[in-house]
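1. could you work out the structure for the sequence below:
(chains A and B)
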Amino acid sequence: MLEEFTGPDWLSEEVKTGTTIIAVEFDGGVVLGSDSRVSAGASVVNRVMNKLSLLHDKIYCALSGSAADAQTIAEIVNYQLDVHSVELGEDPLVRSAATLVKNISYKYKEELSAHLIVAGWDRRGGGQVFVTLNGLLSKQPFAVGGSGSSYIYGFVDAEFRKSMSRRESQEFVVNALTLAMSRDGSSGGVAYLVTIDETGTEEKCILGNELPKFFDQ
Amino acid sequence: MAATAAMGFPQHLSSFNDLVPEWTSREVSTGTTIMAVEFDGGVVMGADSRTTTGAYIANRVTDKLTPIHDQIFCCRSGSAADTQAIADAVTYQLGFHSIELDEPPLVQTAANLFKDMCYRYREELMAGIIVAGWDKRRGGQVYTVPVGGMLTRQPVSVGGSGSSYIYGYVDSNYRTGMSKEECLRFAAGALSLAMERDGSSGGVVRLAVISEQGVERQVILGNQLPKFSTL
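-> All right, here's what the predicted structure looks like:
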C-alpha cells in the first residue's frame, strides 16, 4: 500500500490557545488572569504559555483563539502604542490601546480568529476592562473569553460584585480560572495573574497544586 | 456534558421561502437546561420551560420533568419528539416490570431502560436524559444518560445546552450533605443563571422534590427568580 507519511496530526493542525481568559476591574485597578495551555488538535504544544501580553507599562491584553493571530495583534499594537505614547509625551489611555486592537480585529475580521481582552490602569479612568470580540469595542466591569469561558458564565454572574477589593478580585479570578480549567479540555496548566494599579504591575504564577480545590466527582 | 448544540446558526437544509416562516422547517428541540441533585432522603430535579423550533419559542411553559413511575422522574433535553417517545416507551416497560415484580421499581432499573434504548438507537436519536427518583434500597439517586447512551450515577448532574454555562457555578457551590431547602435554592440559582445566558433556555423554573413521602412540584415564575448582580 502506497501511503504518504504526513507525520503526526499535530504538525498539520492549527495551533490554538484553547484557553480561558478573564479580566476584572476593581476599585483602583484591574486583575487579568489566564490559563497556560496551547493546543494543536489533541496535543498540548506548550503547557506553560503566558497569555497575558504587555501592551504598555500599565496596559496588558489577554490572548485567546489562534495563537499566531493573537500574538501578532499584540505585537503590532505594542509597537503602535509605543509610537503613540512618545508622540503624546505621556502614558496612553487604556481606551486607546483597546481601540488599536479593535481596529485590527475589525479590519481583518475575516482573516483573523483571535479575541483579545484589553485591561489596564490610566490616570483618567482608573482601572478599565475592554472587550474587542469580532471587532466591537465595549467597556465592561469584567470580561471572560476563550473556550473555557462558557463553563464559568454562571459562576461569574453569581459571584461578581462591583467594587471588590484587590485581594477579593484576585481570588475571584483564580477561582474562575480553576473552575474553567477543570472542565475545559483546551484549558489547563498553571494560572497566570497580572494585577495593575496606580503603583505598578504585579505578575504572579500559580502552579497547579496551589490552585483552590472544588467539588470533583 | 451538554446534550445538544445550541441551534444558533441556520442550517440551510431547505431553501428559503418568503411564504412561510423559517421555523416551520426546523426541528422542535428542547434547547434546555436541566439538572438533578441528590440529598439525604431524596432528590431535587429542575428544568427551564422553553421549547424552540429554530428561533421561535414553540412552548414557553413546557414541562420537561416527566413522571416515569410514582417516585421516578426524568428530565428531558434534546429533540422533543425523541425524548417524549423514549419516555413513553420506558414508562410502559417500567410499569410492566413493576407489576411483575409486585413492588415499586428501582431508579437504577429505570435508568438502565433509558440507557438501553438511547444506546441501541444512538445513531437515530438526539436525547440527553437525567433520571432521578427515590427507592427503598438506595434512597435518592440521580443517573445521567447523555447523548450517545452512556449511563453513570452522579450526586449532581446538569444537562442541556444551557448546562455549559453553569459547570463552574455547580462545581463551586455544590457540597455533599446539603439539606432539601439548600438543594432547592442551589437548583433554582443554577437554572436562573443558565437561563440568563443561554438563548435556548428560559421561561419559568420547574422544580420537583422526590422523597419517601412522594413528589412535591413547584414553579418559580420569571419575576420570582433569584437575582444576581451582573453587568
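2. you'd agree residue B:175 is up against residue A:215?
-> Yes. Between residue B:175 and residue A:215 there is a contact under C-beta atoms under 8 Å: 6.8 Å. All C-beta spots, glycine's among them, are computed from the backbone N, C-alpha and C.
3. how about the strands in the chain?
-> Answering for chain A, as no chain was given. A:15-17, A:21-26, A:29-34, A:38-40, A:43-46, A:52-56, A:59-66, A:114-122, A:126-131, A:138-140, A:142-145, A:191-197, A:200-206 (DSSP state E).
4. wrong chain, I was asking about chain B
-> With DSSP E as the criterion, chain B has strands spanning B:28-30, B:34-39, B:42-47, B:51-53, B:56-59, B:65-69, B:72-79, B:127-135, B:139-145, B:152-153, B:156-159, B:205-211, B:214-220.
5. for those, which one sits closest to chain A?
-> Set against chain A and scored by C-beta to the nearest C-beta, those come closest in strand B:156-159, at 7.5 Å.
6. who are the packing partners of the closest one?
-> The contact analysis (3 or more C-beta pairs under 8 Å, 6 or more residues apart in numbering or on different chains; DSSP states H and E) places strand B:156-159 against strand B:34-39, strand B:127-135, strand B:139-145, helix B:167-173.
7. and residue B:175 and residue A:215? which has more neighbours close in?
-> Using other C-beta atoms under 10 Å in any protein chain shown, the more surrounded residue of residue B:175 and residue A:215 is residue A:215, with 15 against 11.
8. ok now do the more buried one, which residues does it touch?
-> Neighbouring residues of residue A:215 by C-beta atoms under 8 Å, 6 or more residues apart in numbering or on different chains: B:170-172, B:174-175.
9. can you pick the most crowded of the residues you listed?
-> Most surrounded of those: other C-beta under 10 Å gives residue B:170, at 27 neighbours.
10. who's in contact with the helix ranked longest in chain B?
-> Secondary structure of chain B per DSSP state H: the longest helix is helix B:80-101. The contact list for helix B:80-101 (C-beta under 8 Å, 6+ apart) reads B:27-30, B:51, B:66-69, B:72, B:74, B:76-77, B:104-105, B:109-110, B:113-114, B:117-118, B:125-127, B:129.
11. on that earlier part again, rank the strands of chain A by pLDDT, which is bottom?
-> For these, the weakest mean pLDDT is recorded on strand A:15-17, namely a mean of 64.
12. quick one: low-confidence ranges for chain B?
-> B:1-17, B:23, B:25, B:27-30, B:229-231 (pLDDT under 70).
13. who in chain B is up against chain A?
-> Proximity of chain B to chain A (C-beta under 8 Å from any C-beta of the partner chain) is limited to residues B:154-156, B:164-175, B:189-190, B:193-194, B:196-197, B:228-231.
14. which residue, other than its chain neighbours, is closest to residue 74?
-> Let's take chain A. Distances taken as C-beta to C-beta, 6 or more residues apart in numbering or on different chains put residue A:53 closest to residue A:74, at 4.2 Å, once the chain neighbours are dropped.
15. chain B, not that one
-> Counting by C-beta to C-beta, 6+ apart, residue B:74 lies nearest to residue B:131, which is 4.9 Å off, once chain neighbours are set aside.
16. OK, contacts around that neighbour?
-> By C-beta under 8 Å, 6+ apart, the contact set of residue B:131 is B:68, B:72-74, B:107, B:110-111, B:114, B:142-145.
17. just to revisit the earlier point, wait, the residue nearest to residue A:74 sits on residue A:73?
-> No. Here residue A:53 lies out of contact with residue A:73, judged by C-beta under 8 Å, at a distance of 9.2 Å.
18. who has more neighbours, those two?
-> residue A:73 (26 against 20).
19. nearest residue to that one in space, please, no chain neighbours.
-> Nearest residue to residue A:73 in three dimensions, chain neighbours excluded: residue A:104, at 5.3 Å (C-beta to C-beta, 6+ apart).
20. what's the longest helix along chain A in contact with?
-> Secondary structure of chain A per DSSP H: the longest helix is helix A:67-88. With C-beta under 8 Å, 6+ apart as the test, helix A:67-88 has contacts from A:15-17, A:38, A:49, A:51, A:53-56, A:59, A:61, A:63-64, A:91-92, A:96-97, A:100-101, A:104-105, A:112-116.
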